[in-house]
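**Student:** coords below, sequence missing:
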Ligand code: OFO
């Protein structure tokens, strides 16, 4: 059985993960509109990954005999100044999510909830990759500057992303 305080915090994290999914889907739609199908594809896979992150917590709460409570998902921003600005926003968002996972871990430690600590370890590790992946894209965009050919190449590269296992290599 999971204590109520932990259950509430995990339910809030389900919402945060679904918001992440929604934000990345909004970015995918933005890139579609900009005719950058590789960037759109990358973001669409990110949307799927975030939904999986949410569902992993959903399952965990149920497995621990808790109660999943879904809340309203905030409307995401849907326009950015440039492809770089969108990826920068994604990087900032991942840093925010890392902070949230750290807070969840702190709470699990305070509550002596060893099972949840073990469960959250996966998310701590995942956040290292989430931040690193998007930051490396931001760095590539920065190097490229205003080079249109570079943008074309970058878009082609991002199209190669094949799913959660493959993204770690990009
Ligand atoms: Fe769920 O890791 Fe990104 O937000």
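**Tutor:** Everything's here; your move. None of these values were measured; they are calculated from a predicted model.
**Student:** How many residues are close by residue 62?
**Tutor:** Neighbourhood size, residue 62 [other CB atoms under 10 Å]: 11. The way it works is simple: take the backbone N, C-alpha and C, and place the C-beta from them, glycine included.
**Student:** got it, and residue 22?
**Tutor:** Neighbours of residue 22 (other CB under 10 Å): 17.
**Student:** Same check on residue 75?
**Tutor:** Residue 75, neighbours per other CB under 10 Å, totals 10.
**Student:** And the pLDDT at it?
**Tutor:** Note for residue 75: predicted pLDDT of 98.
**Student:** And the helix or strand that residue 123 is a member of, what's buried?
**Tutor:** Assigned by DSSP states H and E, residue 123 belongs to helix 114-144. For helix 114-144, the neighbour count (16 or more other CB atoms under 10 Å) marks 116-117, 119-120, 123, 126-127, 130-131, 133-135, 137-138, 140-141, 144 as buried.
**Student:** So which of the residues you listed reach the ligand?
**Tutor:** residue 130 (CB under 6 Å from any ligand atom).
**Student:** got the buried residues for stretch 147-157?
**Tutor:** Buried, per 16+ other CB under 10 Å, within stretch 147-157: 151, 154, 155.
**Student:** Could you do stretch 53-62 as well?
**Tutor:** Using 16+ other CB under 10 Å as the test for burial, stretch 53-62 gives 53, 54, 57, 58, 60, 61.
**Student:** Any chance you could list what contacts it?
**Tutor:** Contact with stretch 53-62 is made by 2, 7, 10-11, 13-14, 17-18, 20-21, 67-68, 119, 122-123, 126, as judged by CB atoms under 8 Å, 6 or more residues apart in numbering.
**Student:** With stretch 29-47 instead?
**Tutor:** Outside of stretch 29-47, the residues within contact range by CB under 8 Å, 6+ apart are 21-22, 24-25, 27-28, 78-80, 83, 86, 90, 137, 151, 154-164, 167.
**Student:** Quote the end-to-end distance of that stretch.
**Tutor:** 11 Å (CA to CA, to the nearest Å).
**Student:** pLDDT averaged over that stretch - what is it?
**Tutor:** 98.
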